[in-house]
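>>> next input, structure requested:
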Amino acid sequence: MPRPARCADLAEGFERIWVHPLTNAASTGIAPADLLRFLAACGHSASLVDLA
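Numbering: from 1, shown residues only. Alright, predicted model coming up:
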């Protein structure tokens, strides 16, 4: 199974990241550390990738 990857800058440079869950009707904000915790709780470890 592929592992989720996130831009390393998102993990350190922002208080919250904003996403559109399934539709573009609303936005959900989540702290980067909380997103990593959520992924781990779902059984997924994320790779932080330096895109610079």
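>>> where are the low-confidence patches of the protein?
For the chain, applying pLDDT under 70 flags the ranges 1-7, 10.
>>> could you pull out the strands for it?
Ranges of strands in the chain, per DSSP state E, are 5-7, 17-19, 28-30, 47-49.
>>> list the strands paired with the last one, with their directions.
Right, strand 47-49. Here strand 47-49 has these sheet partners by DSSP bridges: strand 5-7 (parallel).
>>> repeat for the second one
Sheet pairing for strand 17-19, assigned by DSSP bridges, gives strand 28-30 (antiparallel).
>>> ok, residues contacting the strand it pairs with?
By Cβ atoms under 8 Å, 6 or more residues apart in numbering, the surrounding residues in contact with strand 28-30 are 16, 17, 18, 19, 20, 21, 38. Yep, even glycine has a C-beta here, placed from its N, CA and C like the rest.
>>> just the buried residues of those residues.
Neighbour-count burial (16 or more other Cβ atoms under 10 Å) applied to these gives residue 17.
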